[in-house]
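[1] Turn this into a structure:
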Amino acid sequence: MGVYMFSPGYLANKNKEKAKIKAVVDAAIANGMYVLVDWHYTSDEIFEEAAKQFFKEMSTEYRGVPNVLYEIYNEPAIRANDKDAIIICGTPCEGGADQLRKVVEIALKRKFPIFATEYGLTLGTGDGPINEQQTNLWWNLLDKYGVSYINWSICNKKENSAALKPGSTPKDVWQDSALTNSGRIVKRMLISKNPVPTGC
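    Down below sits the predicted model:
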């Protein structure tokens, strides 16, 4: 569950955006799923105080809940409330080339913990052509080592990485008619790996 800063976003309407976040997190917990809470900002630390407050509230609300994972922007704020929470650090780069896959495999062979918290079937911009060949190479590598991965993104934005077509609603998420090409490919892969979901 990515938290955005700008309009319409968290900084403009904290209570409304927190309600959305909690609805998704609570639904994931109720359905035995993991959920990643991500302060989705990739630039400098100008929102450090807002990030601290956000993670303080989330880690207090979901203290001790194993389904809730965090992609950090401020680890101490989380640890102060939930010392055993799973906290994931983002990487300094993006890309899908063979060279990055080699680096990941070396890290995995050396027993470094890796979680692919954001991958797409397109360019890093979220748009561009779908590259099924590269996607399958990544899925095969991550599956070989038992690495968890999260697709970017279940949204209806007009870009090729979005799983839903523009105008779709959350209720449409598993209707094939509402899915983009990317959404159909990811759905097909998920069902092939886990036809009957069992939860956490």
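[2] how about the strands in the protein?
    2-3, 35-39, 68-71, 86-88, 116-119, 149-151 (DSSP state E).
[3] Met189: which of these is closest?
    Among the strands of the chain, strand 149-151 comes nearest to Met189, with 9.0 Å by Cβ to Cβ. All C-beta spots, glycine's among them, are computed from the backbone N, C-alpha and C.
[4] mind listing what's buried in the closest one?
    150-151 (16 or more other Cβ atoms under 10 Å).
[5] Do you know the pLDDT at the residue in the chain sticking out farthest from the centre?
    Most distant from the centre of the chain: Arg110, at 24.6 Å, with distances by Cα atoms, centre = their mean. The score at Arg110 is 97. That number is its pLDDT.
[6] how far away is it from Ala97?
    As defined by Cβ to Cβ, to the nearest Å, Arg110 lies at a distance of 21 Å from Ala97.
[7] now do Ala12
    37 Å.
[8] Neighbour count: those two, which is higher?
    Higher neighbour count among Ala12 and Ala97: Ala12, with 12 against 8, using other Cβ atoms under 10 Å.
[9] pretty sure Lys52 is touching Ala77, no?
    Yes: if you go by Cβ atoms under 8 Å, Lys52 and Ala77 touch, sitting 4.5 Å apart.
[10] Pick out whichever of those two has more residues nearby.
    For Lys52 versus Ala77, neighbours defined as other Cβ under 10 Å are more numerous around Ala77 (21 against 17).
[11] For that one, list the residues it contacts.
    51-53, 55-56, 59 (Cβ atoms under 8 Å, 6 or more residues apart in numbering).
[12] Please tell me which one of those counts the most neighbours.
    Most neighbours among the contacts of Ala77, by other Cβ under 10 Å: Phe55, with 27 neighbours.
[13] For that residue, which non-adjacent residue is closest in space?
    Leaving aside its chain neighbours, Phe55 sits nearest to Ala77 (4.2 Å; criterion: Cβ to Cβ, 6 or more residues apart in numbering).
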